[in-house]
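A.B. asks: my questions concern the predicted model and sequence given below.
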Amino acid sequence: MTRRPTPKILAVLAAAVLIATGLTAAAHAEEVEHIDNGTFDAGTAPWWNTENTPISAVDGRLCAEVPAGQANPWDAAIGHGDIPLVDGDAYRLTFTASATAPVTVRANVQLNETPFTTALSREVALTATPQTFVYEFDGNIDSTNGVFTFQLGGSADAFTFCLDGVSLTSETTAGGDPEQVENGDFNDGTAGWFSYGTTSTAVTDGRLCAEVPGGLANPWDAGIGQNDVPLLAGSAYTFSFDASAAPGATVRAAVQLGVDPFTAFLSRDVPLTGDTQHLEFTFTSPVDTEQAQVVFQVGANAAAYTLCLDNVSLLGGEEEPPYVPDTGPRVRVNQVGYLPSGPKGATVVTTATEALPWQLKDSGGTVVASGQTTPRGTDQASGQNVHTVDFGSFTTAGTGYTLTADGETSHPFDIAADVFKQLRSDSLQFFYAQRSGIAIDGALIGEQYARPAGHLGVAPNKGDTDVPCQAGVCDYRLDVRGGWYDAGDHGKYVVNGGIATAQLLSSFERTKTAPTAGGGAALADSTLRVPERGNGVPDVLDEARWELEFLMRMQVPAGRPLAGMAHHKMHDANWTGIPMQPEDDPQQRELHAPSTAATLNLAATAAQGARLFAPYDAAFAATALTAAKTAYAAAKANPAVYADPNDGTGGGTYSDNDVSDEFYWAAAELYLTTGEAPYLSDVTASPHHTSADVFGPNGFGWGSTAALGRLDLATVPSGLPAADRDRLRASVLAAADAYLTIQAGQAYGLPMPGNRGAYFWGANSNILNNMVVLATAFDLSGAAKYRDGAVQGIDYILGRNALNQSYVTGWGEKASQNQHSRIFANQADASLPHPPAGSIAGGANASLDDPYAKQLLDGCQPMFCYVDHIESYATNEVAINWNSALAWVASFLADQGAAGPAPATRCRVSYVVHGTWTGGFTGQVTVTNTGTTAIDGWALRWAFLGGQKVTQSWLADTTQSGATVTARNQSHNRRIERGASKTFGFNATTGGPNPSPGLFTLNGATCS
């Protein structure tokens, strides 16, 4: 996902702001030493060591014998405990170290308990020559339980590590007031700040500068500010900033209530010139509030001007208390539940190194199963010592089960065949709630989510029905209404809409070829809460169409430069604050420049949509296919038009300078839909057609879409040569095997590596996409191990993780509910709802790409790098491509039920096209009973690729719904004896490729 600057509440270190603003405060500093016996003149006490790393004092040094072959750095360690850690104190670490062989170790100053947050973590390269190392850092947490460690494991060879002259001192500064403004020096760009009514707002040369138009009637008609500033009644505050205005202007600087009635606690009209001035004001807050705002109201000047701000500070009040996540019971389970026939695993956080007894209890407290845990050592992603529990052999359905181990009892959970049924509906409901350009009907999804249509040009909206381009991009305007709001803002992005649309379409297309998908009955018309229900079209296709029509509206019109290309994105000219309902958004909407990536997303999704809509709306299917072909041709003519990575004002950039994967995906979808040779040539010529890198360990996403093409080529019936199709299917199974290996190595059971690089912005969707590959491998092979891998993977998403946190709103005892969203902003405005049930958060992000998370979680272990707060857009945003991954997986899981893998086949089908003519063909089907008993009455079902339609049949009675055909016996041929066959034929119309169907079921059972 892209960065979305928003405000936050946490205080920035006062010392840092004092330096930045050049102010002074009454303070004194005292240096304190925290290391006892850092010269080792008195032996090694109080230093500790892991059992495998003996230490001794040798010639006034501490020396440790480090064994070879340890898997992780922390598997061999020495350290010194009882280090006090103080948020904001300045620390200085000094030591002299050497090793008998060149090696890199890690020095950490960190919390000595979950979540093991680090204040300092440095790799130290050592040789046989003693070297002195000096590090200075600021404390970021408050705890008396700190520790200084050297992590020495991970080397292939044994070595001796020696240490001397260890000193860790801190200077405690007292008397300074805490800072209540976040990112006041704009070192983190515009993060935390909103703007409205300005022509542009951006950080230039370390200052926030805005172009303010002239002629605005009131000061408040344009502004720059920060919300959610806490104030304490009776506390004194100092508000200061540096500002200039060229050629000159008067601005109003205010600290006020950020919600109606916007009571001002401080308000000053400040005349500014082109020379930077430092301004400082004091006031006493009359109220306690978490909803104050610092704001510069910049309207009411006759002429346009440029305003620049820097070093904005509000000193006073209280520091935020240190953040300690509530991780609940140390026994971590899927808080929703498990399938009776599926795997059932849990993770226990413990200091024990030997196996522990566990008990499974029913809702009445009766023990129904028991066993011993499996010690797993230190989990890489969480830093915790953990055990695992396998209770998969217990299959009795029930509610309110709990698991007990090591004196702790898990959150309750269910075991049921339909445990995931509602998750399919809820995860798809998210898309209706995100719709733009339509009134949201509370009768469908809850009255708290009802709202008027947004961005249709009704004041104060500028609207999406007549949108201009950014300056210099184009000289026309487009109607780009509809579609889904991409994430927590009101932007609409083609590259993110593309993968989200594709995954909704694929969740339906899977029902044509997957034995456990029930022929699509659970995704049929009137199964979801959408306004189009009852129109004869599967509801999931109706939802996908809402976005697909928007994507097609983003196409550059014929006769214009870059005709046929797609505009990369469309969003507000400036960032808006939280909360902001779509119908209240006053910003000008703008089209951004076309890009090759966006154009290929349009080509791929429109092509896929064309074949899926053909049985239901032939005219729309034809329109979509024309748009897809036009877009693909335009992309080939303009293969390297990339989105500007700096175009991030008012919306995310979604820049991508490698579009070879999008070319492969688009060519694959166009080939599958049309069967035309030029698209097949492009598919087979692509390096992604044979590359093993299509399925990487960290999953696929909006910027890596080759996997979408590979999965569809492997599953959707086509004329692809059998050897090529089999190779692609084998590559899916090989990728799934690799994910199973990764999953087996993760004590929390997720198919994602445990290193920091695997925990990134929106990683939950990539974890789910790895589950998509596992599920597809099961659909292709029927091998239970792949199904079990996908089923187990959802445990992490629903609570079996280090934080004991379900990432899906409304699902689990402790579930995310404060996701970053301008629409569902209950945490910012209690009159607004939380995101609807089924909305997934982006998840743990070790990069801490937003200031709220960075201030709160700096130094966190990867799996702990998450906070359920509306301001943490880099860990806790909602997004359509994250929910589309969840929806695909939820649909698969809901299809599994209690039956487990599909039963063994008892029939064989021969499907032959005997003759073709323009617009039609004749088919013959032979059904053979390969079971051990006679079949008395039969119904054979299959689905066509696209718009084929049976017009006549003989020796069977046929009906058709959409692409799905059901052929039933006639009275004379209802019985098929063991080993016998029955044959029937039909005529049908067709307007495109006509491959043999991918799945036949006889009386609901799969045929080979």
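C.D. replies: Good, I have the coordinates. A quick note: this is a predicted structure, and the numbers were derived from the prediction, not measured.

A.B. asks: how far away is residue 110 from residue 117?
C.D. replies: In this view, residue 110 and residue 117 are 6 Å apart by C-beta to C-beta, to the nearest Å. Every C-beta, even on glycine, is put in place using the N, C-alpha and C of the backbone.

A.B. asks: typo on my end, residue 349
C.D. replies: For residue 349, the distance to residue 117 - C-beta to C-beta - is 16 Å.

A.B. asks: more neighbours: the two, which one.
C.D. replies: Taking neighbours as other C-beta atoms under 10 Å, residue 349 and residue 117 compare with residue 117 leading, 25 against 22.

A.B. asks: who touches that one in this structure?
C.D. replies: 110-111, 140-141, 857-861, 864 (C-beta atoms under 8 Å, 6 or more residues apart in numbering).

A.B. asks: now it: phi and psi?
C.D. replies: In terms of degrees, to the nearest 10, the main-chain angles of residue 117 are phi -60, psi 140.

A.B. asks: just the pLDDT for it.
C.D. replies: We note a pLDDT of 83 for residue 117 in this prediction.

A.B. asks: neighbours around residue 726, how many?
C.D. replies: Burial of residue 726 is recorded as 12 neighbouring residues (other C-beta under 10 Å).

A.B. asks: please apply the same query to residue 234.
C.D. replies: For residue 234, using other C-beta under 10 Å, the count is 10.

A.B. asks: ok, now which ones touch it?
C.D. replies: Contacts of residue 234 (C-beta under 8 Å, 6+ apart): 284-285.

A.B. asks: what of residue 146?
C.D. replies: Listed by C-beta under 8 Å, 6+ apart, the contact set of residue 146 reads 81-85, 109-112, 119.

A.B. asks: next one: residue 262
C.D. replies: Residue 262 is in contact with residue 256, counting by C-beta under 8 Å, 6+ apart.

A.B. asks: three-state assignment of it?
C.D. replies: Secondary structure for residue 262, judged by DSSP: H, G, I helix; E, B strand; the rest coil, is coil.

A.B. asks: give me phi/psi at it?
C.D. replies: According to degrees, to the nearest 10, residue 262 has phi 60, psi 40.

A.B. asks: end to end, how far does stretch 36-47 reach?
C.D. replies: Across stretch 36-47, the terminal residues are separated by 9 Å (C-alpha to C-alpha, to the nearest Å).

A.B. asks: now do that stretch, average pLDDT.
C.D. replies: Mean predicted lDDT for stretch 36-47 stands at 90.

A.B. asks: what comes up buried for the longest helix that the chain contains?
C.D. replies: Among the segments of the chain that qualify as a helix by DSSP state H, the longest is helix 722-744. Using 16 or more other C-beta atoms under 10 Å as the test for burial, helix 722-744 gives 724-725, 728-729, 731-733, 735-740, 742-743.

A.B. asks: and residue 322, how many neighbours?
C.D. replies: What residue 322 shows, counting by other C-beta under 10 Å, is a neighbour count of 15.

A.B. asks: for it, give me its contacts.
C.D. replies: So residue 322 contacts 87, 141-143 (C-beta under 8 Å, 6+ apart).

A.B. asks: go again with 7 Å.
C.D. replies: By C-beta atoms under 7 Å, 6 or more residues apart in numbering, the contact list for residue 322 reads 87, 141-142.

A.B. asks: which of the contacts of residue 146 are buried?
C.D. replies: Among the contacts of residue 146, those classed as buried by 16+ other C-beta under 10 Å are 83, 85, 109-112, 119.

A.B. asks: returning to that earlier point: between residue 110 and residue 117, what contacts are shared?
C.D. replies: With C-beta under 7 Å, 6+ apart as the test, residue 110 and residue 117 both reach residue 859.

A.B. asks: per-residue pLDDT, the residue lying closest to residue 309 once chain neighbours are set aside?
C.D. replies: Once flanking residues are discounted, residue 309 sits nearest to residue 208: 4.8 Å by C-beta to C-beta, 6 or more residues apart in numbering. pLDDT, residue 208: 93.

A.B. asks: residue 208 in helix, strand or coil?
C.D. replies: On the basis of three-state DSSP, residue 208 is classed as strand.

A.B. asks: and for residue 387?
C.D. replies: Under the three-state scheme (three-state DSSP), residue 387 adopts strand.

A.B. asks: mind listing what it touches?
C.D. replies: Counting by C-beta under 7 Å, 6+ apart, residue 387 makes contact with 348, 350, 356, 373-376.

A.B. asks: same deal with residue 383?
C.D. replies: Contacts of residue 383 by C-beta under 7 Å, 6+ apart are 116, 861.

A.B. asks: repeat the analysis, applying 8 Å as the threshold.
C.D. replies: Contacts for residue 383 (C-beta under 8 Å, 6+ apart) come out as 74, 114-116, 861, 864.

A.B. asks: any regions of this protein where pLDDT drops low?
C.D. replies: The chain contains residues with pLDDT under 70 at 1-30, 172-176, 320, 898-904.

A.B. asks: in its sheet, what does the top strand by length along it sit against?
C.D. replies: Taking DSSP state E as the criterion, the chain has its longest strand at strand 159-174. Here strand 159-174 is paired, per DSSP bridges, with strand 28-33 (antiparallel), strand 61-66 (antiparallel), strand 90-99 (antiparallel).

A.B. asks: circling back to that earlier point, write the PyMOL selection for whichever of the contacts of residue 387 are buried.
C.D. replies: In PyMOL, a selection of the buried entries from these looks like this (16+ other C-beta under 10 Å):
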select buried, resi 348+350+356+373+375+376
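
A.B. asks: so which of the contacts of residue 387 are in strands?
C.D. replies: Using DSSP E, these in strands are 348, 374-376.

A.B. asks: relative to residue 583, which of those residues is nearest.
C.D. replies: residue 348 (48.8 Å; C-beta to C-beta).

A.B. asks: as a check, name the ranges of all strands in the stretch 201-350 of the chain.
C.D. replies: Remark: strands assigned in the stretch 201-350 of the chain by DSSP state E, counting those that start in this stretch are 207-212, 223-231, 236-246, 248-257, 264-273, 277-284, 289-297, 305-316, 331-332, 337-338, 345-349.

A.B. asks: nearest to residue 641, of those strands?
C.D. replies: Closest to residue 641 of the strands of the stretch 201-350 of the chain, according to C-beta to C-beta: strand 207-212, at 27.2 Å.

A.B. asks: tell me what the closest one is packed against?
C.D. replies: Helices and strands touching strand 207-212, as assessed by 3 or more C-beta pairs under 8 Å, 6 or more residues apart in numbering; DSSP states H and E, comprise strand 200-204, strand 305-316.

A.B. asks: switch to 10 Å and redo it
C.D. replies: strand 194-196, strand 200-204, strand 223-231, strand 236-246, strand 289-297, strand 305-316 (3 or more C-beta pairs under 10 Å, 6 or more residues apart in numbering; DSSP states H and E).

A.B. asks: residue 891 looks like it's in a strand, true?
C.D. replies: No. Counting by three-state DSSP, residue 891 is not found in a strand; it is helix.

A.B. asks: quick one: the strands in the stretch 851-1000 of the chain?
C.D. replies: Counting by DSSP E, counting those that start in this stretch, the stretch 851-1000 of the chain has strands at residues 907-917, 920-929, 935-936, 939-943, 949-954, 957-961, 964-968, 975-976, 981-989.

A.B. asks: quick one: buried residues of the fourth one?
C.D. replies: Of the residues in strand 939-943, those buried under the neighbour-count criterion (16+ other C-beta under 10 Å) are 940-943.

A.B. asks: same check on the last one?
C.D. replies: Neighbour counts using 16+ other C-beta under 10 Å place 982, 984-988 of strand 981-989 among the buried residues.

A.B. asks: sorry, back to before: from the buried residues of strand 939-943, pick the one nearest residue 677.
C.D. replies: Of all these, residue 943 has the smallest distance to residue 677: 24.9 Å, by C-beta to C-beta.

A.B. asks: quick one, what contacts the residue nearest the centre of the chain?
C.D. replies: Among the residues of the chain, the one closest to the centroid is residue 762, at 2.5 Å (C-alpha atoms, centre = their mean). For residue 762, the contact set (C-beta atoms under 10 Å, 6 or more residues apart in numbering) comprises 1-2, 487, 701-702, 840-843, 845, 874-875, 877, 879, 881-882, 885.
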